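Enquirer: Just the structure for this:
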Amino acid sequence: MEQRKVDYLLVGQGIAGTMLSFFLQQAGKTVLVMDEGKANSASRVAAGIINPVSGRRFEPAWMYDTIYPFAKATYHQMGALLGEDVFTERDIWMVFPSEQMQQAFKTKTAGVHPSPYTTDPQEDRFAGWLQQPHGAAIVKGATLQLRTLLPAYRQYLLATRSLLEQRLDYRLLEVTDNGVTYQGVKADKIIFCDGVATTNNPWFEKLTFLPNKGEVLLVKIPGLITADIIKKGITLVPQEPEIFWAGSSFVWDYADDHPTAAQGAKLEESLRQLLMVPYEILDQLAAVRPSGNDRRPMIGMHPQQTAIGIFNGLGTKGCSLAPFMAHHFVQHLVGHSPLMPEVDIKRYFK
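Expert: Down below sits the predicted model:
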């Protein structure tokens, strides 16, 4: 491998590594991203859903009023850079699974401070298509087209000589007081953005990851053409006319990261409880998510090995969190501003 010197060596090109490399370059720093291009990484299997509410009480997601406008602006900026449309605002047609959920929604929207992200539908958009005896709500959401963004940004990295298409071997990484060296590449810092692979990282054993496996179906629903996300137990995200991403499951005890017949059957059962029409299974996918124990990102440099850092643990809200948190980390790295205590990995090293 040729001799090179960069400011930052980043490991992983999912949504975390992509956003961190983007903002580091915006700050004038040189980066080299190392990624093997694993087809079933969490970012490559995810649907890229951005949902403003969490839980059964329709509460706004953490920091959503701040992170969503930032994410929207950033993804439009990246789309312009790459010449691709990567971000779409969509309604989430949230079907109530019970009368209790319906009443919880009505209580929330009729309160003193109703959510700006939820509304009552004026008409039933899916009569004859969905089983929805308790009605539905509209939530203002969005999707990030990860299957467009990640490959397009990968090509951008290749074109700018900023990508190594290989897997990092910890045994070959040399760490000194002045930075790191990896097979001829010298960097001031290395930052791990490699999702669930970080659970085996020897420098971050103190971080508490709770990895879980998700499985999804790719389905064809003949005649159903909509821009809406549909959610009731299972979530349908339009990919192209009549084709939907349908998922996803959460499994904490799993043997590997491959699709299973058992989870495929559970997803189909959820489909049957939602749809009133025939459908066709086109494919089944699986990936392991790098969730943290407190559902907050894990960001920062190692307290002892200060040339080694991490940007991980974005979880199921990754597409909304990644731009703001990547920018926040870069402001810390370049401008020396403090990290928010909620995301700083110092909370694991006390």
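
Enquirer: Show me where the stretch 51-200 of the chain dips below the pLDDT cut-off.
Expert: 55-57, 109-114 (pLDDT under 70).

Enquirer: so where do the helices sit in it?
Expert: Applying DSSP state H, counting those that start in this stretch to the stretch 51-200 of the chain gives helices spanning 64-82, 99-109, 146-159.

Enquirer: Let me have the ones you listed in a markdown table, adding mean neighbour count and distance to residue 23 as columns.
Expert: Heads up, the C-betas are built off the backbone N, CA and C, glycines and all. Shown next, in a markdown table, are the helices of the stretch 51-200 of the chain (neighbours: other Cβ atoms under 10 Å; distance: least, Cβ to Cβ, whole Å):
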| stretch | mean neighbour count | distance to residue 23 |
| --- | --- | --- |
| helix 64-82 | 16 | 8 |
| helix 99-109 | 15 | 35 |
| helix 146-159 | 18 | 13 |
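
Enquirer: Columns distance to residue 186 on top of these, output as a markdown table?
Expert: Below are these laid out as a markdown table (distance: least, Cβ to Cβ, whole Å):
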| stretch | distance to residue 186 |
| --- | --- |
| helix 64-82 | 27 |
| helix 99-109 | 54 |
| helix 146-159 | 19 |
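
Enquirer: Residue 329: which of those is closest?
Expert: The closest of the helices of the stretch 51-200 of the chain to residue 329 is helix 64-82. By Cβ to Cβ, the value is 13.3 Å.

Enquirer: related to what we said a few turns ago, wait, which of the helices of the stretch 51-200 of the chain is closest to residue 331?
Expert: helix 64-82 (12.3 Å).

Enquirer: Other residues contacting that closest one?
Expert: 19, 22, 50, 52, 85-87, 89, 117, 142, 144, 149, 152-153, 156, 319-325, 327 (Cβ atoms under 8 Å, 6 or more residues apart in numbering).

Enquirer: Out of those residues, which sit inside strands?
Expert: 50, 87, 89, 142, 144 (DSSP state E).

Enquirer: residues contacting the third one?
Expert: It refers to residue 89. 72, 140-142.

Enquirer: rerun that using 7 Å as the cut-off
Expert: Going by Cβ atoms under 7 Å, 6 or more residues apart in numbering, residue 89 touches residue 142.

Enquirer: ok, now how distant is residue 151 from residue 44?
Expert: 9 Å (Cβ to Cβ, to the nearest Å).

Enquirer: Please apply the same query to residue 211.
Expert: Taking Cβ to Cβ, one finds residue 211 at 16 Å from residue 44.

Enquirer: ditto for residue 190
Expert: Counting by Cβ to Cβ, the gap from residue 190 to residue 44 is 22 Å.

Enquirer: of these two, who's got more company?
Expert: Using other Cβ atoms under 10 Å as the criterion, residue 190 and residue 44 rank with residue 190 on top: 25 against 18.

Enquirer: Would you mind confirming that that one makes contact with residue 180?
Expert: Yes. Counting by Cβ atoms under 7 Å, residue 190 touches residue 180, with 4.7 Å between them.

Enquirer: Overlap in contacts, the two.
Expert: Common neighbours of residue 190 and residue 180 (Cβ under 7 Å, 6+ apart) are 9, 307.

Enquirer: what's the distance between the closest residue to residue 3 other than its chain neighbours and residue 4?
Expert: Nearest non-adjacent residue to residue 3, counting by Cβ to Cβ, 6 or more residues apart in numbering: residue 184, 4.9 Å away. The gap separating residue 184 from residue 4 is 7 Å, by Cβ to Cβ.

Enquirer: Same question for residue 119.
Expert: 52 Å.

Enquirer: This protein - how does it break down into domains?
Expert: Per automatic domain parsing, the structural domains of the chain span 4-46+147-208+293-348, 49-144, 212-289.

Enquirer: Mean neighbour count, the ones you listed: which tops it?
Expert: domain 4-46+147-208+293-348 (a mean of 19; mean count of other Cβ atoms under 10 Å).

Enquirer: gap between that domain and the chain center?
Expert: 14 Å (Cα atoms, centre = their mean, to the nearest Å).

Enquirer: First residue to last residue on it, what's the distance there?
Expert: 33 Å (Cα to Cα, to the nearest Å).

Enquirer: With stretch 54-65 instead?
Expert: End-to-end distance (Cα to Cα), stretch 54-65: 13 Å.

Enquirer: Repeat that for stretch 218-227.
Expert: 16 Å.

Enquirer: List the contacts of it.
Expert: Against stretch 218-227 from outside (Cβ under 7 Å, 6+ apart): 90, 129, 238, 241-246, 271, 275, 277-283.

Enquirer: Just these: which are in helices?
Expert: Members of the contacts of stretch 218-227 lying in helices (criterion: DSSP state H): residue 271.

Enquirer: can you pull out the strands in the stretch 251-350 of the chain?
Expert: Assigned by DSSP state E, counting those that start in this stretch, the strands in the stretch 251-350 of the chain fall at 280-289, 298-301, 308-312.

Enquirer: Tabulate those (JSON lines), appending mean pLDDT and distance to residue 60.
Expert: Compiled in JSON lines, those are given as follows (pLDDT from 0 to 100; distance: least, Cβ to Cβ, whole Å):
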{"stretch": "strand 280-289", "mean pLDDT": "93", "distance to residue 60": "22"}
{"stretch": "strand 298-301", "mean pLDDT": "96", "distance to residue 60": "22"}
{"stretch": "strand 308-312", "mean pLDDT": "97", "distance to residue 60": "24"}
